[in-house]
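Engineer: Sharing a sequence plus its predicted fold:
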Amino acid sequence: MTTPRVLIIDDDELVAATLHAMAEAVGAEAHATSDSDSFFAALEQWQPTHILLDLNMPNLDGMEVIAELANRGVEAGIIVVSGV
Amino acid sequence: MSSWPLRVTVAYVLAGALWIVGSDSLAVWLFGDLATLATAQTVKGLAYIALSGALVYWLAHLAVRSVTSAFERRELMVLRALHERVLDAVGHPVLALEPGSGRIASANKATDALLGHAPERLVGESVRALFASAAEHVAFEQARAGAVPDGDSVTLRATLRHRNGSTVIADVIIKRATRADPSDAPLDVVVMRDVTAQVESVRRLAAEERRYRNLFEHNPVPMWIYRVDDLRFLAVNDAAVAEYGYSRDEFLAMTIADIRPPEDVARLREEIDGLGPGLRKPAVWRHLTRDGAGKLVRISSHTTEMNGHAARLVAAWDVTEQARSEAALRESEQRFRRLTQATLDAAWDWDIATDAMWWGEGLGTVFGYTAEATHGSIAFWREHLHPDDRARVLANLDALLASDAHDWEQRYRFRRSDGSYALVVGRGYLIRDEQGRPQRMFGGINDVTEQTRMAERLQEAERMEAVGRLTGGVAHDFNNLLTVILANARLLARRPDERARVLQSSELIATAARRGADLTRSLLAFARRQPLEPENIDVAELLADFATLLGRTLGEHITIDVSCAGDLWPALADPGQLESSLLNLCFNARDAMPGGGTLTVRAGNRNIDAAQAAGEPGLEAGEYVELVVTDTGCGIAPEVLGRVFEPFFTTKTASKGTGLGLASVYGFARQSGGHVAIDSNPGRGTCVRLLLPRGRRDAHTASAPLALATDAAAPSRRTILVVEDDPLVRECAVEQLRALGYRVFEAGDGPDALVQLDAHPEVELLFTDIIMPGGMNGRELAAAARAERPALRVVYTSGYTDSVLTAPRDSADDIMLLGKPYEPDELAALVARAFETSASRADASRS
């Protein structure tokens, strides 16, 4: 079994860094991004197996990101994180 | 006289007798012969006859001459008297003047009558005295110089002066007459004919004619005279020329049909043919001016005569405007009626002198009263005011009447006919007379009950929406922070030996906690509950530092322009919060200009007068320092602009942030006694104006920054009592203080703390939360403890500041407050400072 590669997007850098640390703590490779441009750039280059996504971000629409991922036919598993 | 012929006769007899006797004797003696003697006698007789004949002739001649001259003399006297009487009978002054000297040779009695000079006094005088002026006299003398002896008489009109000073106008006729004896110098006969009355009546007649002419020419009403036979204008006045646009000459070449619309001409002819003599009653006609404009005129005419033609004098009043305003009035009355029917207002008209009040139909439709129920008096209105509102509303109305204002508006409750009360807005407009005394007032009562209820409901819904958004926003942010703290806390426990990861996790936890602290601070700022320490701020100085900070923070794509007015007042505000508010605004500005632009910060003095204050809710009149932050960014859409001060109201495209930026700026401004306003044009940029109350220059109280005390020389000798109701927080504080080397006791509430203080007299410092359950807050605890132990130092801590801390201070001590959350360094510094201050106080009391 290969090491999972988790790509994180959260516009809150603090949350992104924490998710990054948590992913690494469970033995995954992780990469954290805070805006959609760098997220999609990393998606192409890094080919993650999982995506960690905050649905409710003040400055990004998580649903739009998901729609775009579906649009691109991304096969990585999407884990949605949500507060309220 | 009678003796004269006798004497002549006697002399003649004696002389004859003597002659005869003597000559005879002599002849006899001389001549002896008779012949000779006879001859001598004859000669002698002849000689005698010749001599006596001559004598008789001389005497007769003398006698005849004497008789003749007496006769003539008598004749002359008669003539002269006749002459004077004739002259006196002449009614006009007649004077005879010496042609050379001009002196008066004679004058008749009429001179006295007309000029008051007695004729006998005038003789020998100059004629000058009779003339009214020297000029008149000169003219007379010139005319007289032209008179030719026995030529035509010369006439001139002269003004004479009566002796009593009045003037007389006279025709003066001068005739130079030769005298009976041509050797005598000719005489100037002057006749003065009084024409004063005649001249006066001519003058009066002319003035009268002029007056009538003026009445016509300059009459403000257009007037003309036309010939009845061919309708031609014979004369027009100035007003006609001015109002119809034709020149006088043009008029005189026209007929009165030319100023009528063609379709009216036939009727005009009929009308004129049917006119009788005298005055024609006024009738309204249409007239055309030169430029073709129609006007309505009221025509009056009267028969007259001019230049031998039968004519009519016409006056034409322009009634166009009057007709128009009558129509407008009718329309306006109609509109007013429809309007009062259409609106839900009960319109009224109050005659202030009589207190009579007229009500519109709205009183019935809106409030259910008939017009009769009001008795036409304002008393009806007064009686139907809600008893709780009556005094206020009537006092307000009285104040309006006593002031010089016109507009009135009050909200009050008004009783309906069914006994319920309607919430109404009453508005009125007061009419005053020229002296400013109230005359009448017009207004209406608008039932806003339903409207107000709706607005309240809407407001409640909006409030709930805002609360929901606030709660959601806070929950979201805190959940994020809690996620960070929770996750990292677990990560720490999981791999306590991986130093790098431990450090990373603890840093993330600290960052999250600090952000949480920022969040609560923003919330408190928005709620206007943040502890502010207002100072007199030199804004120019603050901005100078701020500009440097901005330059480093905003990035190179943004041009920063910060400037201050020269004579800037100090502002009264918390400098730290002012800086953070400005930073907030500048960040917003930066985020609105992702492609770069100009950020301008201006500071200036601003006087807000009552009118300006009234236009902006929450703003009071007074002196302010104004800070204006302007960007050239994307701007804010109008539908969003009204909500930007709401907490967590943020747009998708806005920057990263808590959503509390503008809300906390707003809270800060309002809590500081100032104001904030925003203005924006989408695509053109945004301008935020922050108003802060003016401070005083002489009371610059900016204190030196808190110097961190590093005197932790012997904390182990110091004992502290920590009072905190939350066990977690208490434990945390106790652990931190112990880690710093202090001896620490703890208590969960005020009463417990007092017990601990009794048990441990070595406690020197009380570190207490302010808001605690148990019936005793931190302030009360400190007071009770101090009552027993005055030297006890107190440090307060609190997560939330309200009236407990801002209440009047009960001692002269500085209040030392450590705001939650705090970091270990802050706690250490403040506790150390408390001990230091207590030591210096002890020193002071010892010395």
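Structural biologist: That came through, no problem. Numbering: from 1, shown residues only, chains lettered A, B, ... in the order given.

Engineer: what does the stretch 301-450 of chain B put close to chain A?
Structural biologist: Within the stretch 301-450 of chain B, not a single residue sits near chain A (C-beta under 8 Å from any C-beta of the partner chain). Backbone N, C-alpha and C define where each C-beta goes, glycine included.

Engineer: Indicate the residue of the stretch 301-450 of chain B located nearest to chain A.
Structural biologist: Nearest to chain A in the stretch 301-450 of chain B, going by C-beta to the nearest C-beta, is B:E450, at a distance of 37.3 Å.

Engineer: Could you confirm that residue falls within a helix?
Structural biologist: Yes. Counting by DSSP: H, G, I helix; E, B strand; the rest coil, B:E450 is found in a helix.

Engineer: Contacts only, for it.
Structural biologist: Contacts of B:E450 were listed using C-beta atoms under 8 Å, 6 or more residues apart in numbering or on different chains, and none were found.

Engineer: close to chain B, is the longest helix along chain A?
Structural biologist: When chain A is parsed with DSSP state H, its longest helix is helix A:13-25. Yes. Applying C-beta under 8 Å from any C-beta, one finds that helix A:13-25 is in contact with chain B at A:L14, A:V15, A:A17, A:T18, A:L19, A:A21, A:M22, A:A25.

Engineer: Between the residues you listed, identify the one with the most neighbours.
Structural biologist: Of all the residues of helix A:13-25 next to chain B, A:T18 has the most neighbours under the rule other C-beta atoms under 10 Å in any protein chain shown, reaching 29 neighbours.

Engineer: Next, residue 70: secondary structure please.
Structural biologist: If you meant another chain, say so; for now it's chain A. With three-state DSSP as the basis, the three-state label of A:A70 is helix.

Engineer: From chain B, how far out is it?
Structural biologist: 21 Å (C-beta to the nearest C-beta, to the nearest Å).

Engineer: related to what we said a few turns ago, quickly name whichever of the residues of helix A:13-25 next to chain B is closest to B:F367.
Structural biologist: Distance to B:F367 across the residues of helix A:13-25 next to chain B (C-beta to C-beta) is lowest for A:V15, with 62.1 Å.

Engineer: For the closest one, which non-adjacent residue is closest in space?
Structural biologist: Nearest residue to A:V15, sequence neighbours excluded (C-beta to C-beta, 6 or more residues apart in numbering or on different chains): B:N480, at 5.1 Å.

Engineer: Please work out how many residues are found near the residue of chain B found nearest chain A.
Structural biologist: The minimum distance from chain B to chain A, using C-beta to the nearest C-beta, falls at B:N479 (3.5 Å). Look at B:N479: counted by other C-beta under 10 Å, it has 16 neighbours.

Engineer: picking that back up, mind listing residues that contact the longest helix of chain A?
Structural biologist: Contacts of helix A:13-25 (C-beta under 8 Å, 6+ apart): A:6, A:8-10, A:29-34, A:52, A:54, A:81, B:480-481, B:483-484, B:487-488, B:491, B:494-495, B:501, B:504-505, B:508, B:511-512, B:515.

Engineer: on that earlier part again, turn the residues of helix A:13-25 next to chain B into JSON lines, columns for pLDDT.
Structural biologist: JSON lines is the format used below for these (pLDDT from 0 to 100):
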{"residue": "A:L14", "pLDDT": "85"}
{"residue": "A:V15", "pLDDT": "85"}
{"residue": "A:A17", "pLDDT": "88"}
{"residue": "A:T18", "pLDDT": "87"}
{"residue": "A:L19", "pLDDT": "88"}
{"residue": "A:A21", "pLDDT": "88"}
{"residue": "A:M22", "pLDDT": "86"}
{"residue": "A:A25", "pLDDT": "84"}
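
Engineer: Tell me where chain A has helices.
Structural biologist: A:13-25, A:36-46, A:62-71.

Engineer: most packed of the ones you listed?
Structural biologist: Highest mean neighbour count of the helices of chain A: helix A:13-25, a mean of 21 (counted as mean count of other C-beta atoms under 10 Å in any protein chain shown).

Engineer: follow-up on the earlier one: quick one: distance of the longest helix of chain A to the chain centre.
Structural biologist: 11 Å (C-alpha atoms, centre = their mean, to the nearest Å).

Engineer: May I have it as CSV, with CA atoms only?
Structural biologist: C-alpha atoms of helix A:13-25 as CSV (Å, rounded to 0.1, in the frame of the first residue of the first chain):
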residue,chain,number,x,y,z
GLU,A,13,-3.5,29.3,7.0
LEU,A,14,-3.6,28.3,10.6
VAL,A,15,-6.2,25.6,9.9
ALA,A,16,-4.3,24.5,6.8
ALA,A,17,-1.1,24.1,8.8
THR,A,18,-2.9,22.1,11.5
LEU,A,19,-4.5,19.8,9.0
HIS,A,20,-1.0,19.4,7.4
ALA,A,21,0.4,18.4,10.8
MET,A,22,-2.5,16.0,11.4
ALA,A,23,-2.1,14.3,8.0
GLU,A,24,1.6,13.8,8.6
ALA,A,25,0.9,12.5,12.1
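
Engineer: Thank you, goodbye.
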